[in-house]
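1. Here is a sequence with its predicted model. Questions after.
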Amino acid sequence: QVQLVESGGGLVQTGGSLKLSCVASGRPSGSFAMAWFRQSPEKGREFVAAVSKTGSSVLYEDSVKGRFTISRDNANNMMFLQMDSLKPEDTAVYYCAADRGSNWYFTRVEDDYPYWGQGTQVTVTS
């Protein structure tokens, strides 16, 4: 079992930056891939970014490429999402997720991530 807790959300103006953090517990952090998803009333839940067990490989949703950076610190059981050049359409609840670590690959598919945090709200004003 993996427990996840996000932090770092808030209110920011268009063009601003925020850094989200996720703390993992229950298993060694390097034993599973991790991802960020977001959910809004307009779009539902969507994939944002994912990072491999070691942090050497990453995936991004097209609309955040070049603006968001995902990273992880396995020594401290943490994952981060640096969000720059924020836009109003980035407004959502952001969720940290972890997969089971059973495979060498990782995906952008929500169903492949059984462990979820409680979410943190990000609001971008125009």
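-> Right, received. Where do you want to start?
2. Can you mark which positions in stretch 118-126 are buried?
-> In terms of neighbour count (16 or more other CB atoms under 10 Å), stretch 118-126 has its buried residues at Gly119, Thr120, Val122, Val124. Backbone N, C-alpha and C define where each C-beta goes, glycine included.
3. so Ala33 touches Lys53, yeah?
-> Yes - applying CB atoms under 8 Å, one finds Ala33 in contact with Lys53, separated by 5.6 Å.
4. quick one, which of these two is more surrounded?
-> Under the neighbour definition other CB atoms under 10 Å, Ala33 and Lys53 were set side by side, and Ala33 has more, 26 against 20.
5. list residues touching both of Ala33 and Lys53?
-> Gly101, Phe106 (CB atoms under 8 Å, 6 or more residues apart in numbering).
6. any idea how far the most centrally placed residue in the chain lies from Thr125?
-> The geometric centre of the chain, computed from its C-alpha atoms, lies nearest to Trp36 (CA atoms, centre = their mean), at 2.1 Å. Separation of Trp36 from Thr125 (CB to CB, to the nearest Å): 21 Å.
7. same deal with Phe37?
-> In terms of CB to CB, Phe37 sits 22 Å off from Thr125.
8. Ok, Asp99 next?
-> Asp99 is 34 Å from Thr125, by CB to CB.
9. How far away from the center of its chain is stretch 53-69?
-> 9 Å (CA atoms, centre = their mean, to the nearest Å).
10. just stretch 11-20 next, same as before
-> Using CA atoms, centre = their mean, the offset of stretch 11-20 from its chain centre is 15 Å.
11. Over to stretch 22-37?
-> With CA atoms, centre = their mean, you get 10 Å for stretch 22-37.
12. List the buried residues of that stretch.
-> Result for stretch 22-37 [16+ other CB under 10 Å]: buried residues Cys22, Val23, Ala24, Arg27, Ser29, Phe32, Ala33, Met34, Ala35, Trp36, Phe37.
13. Kind regards, and thank you for your time.
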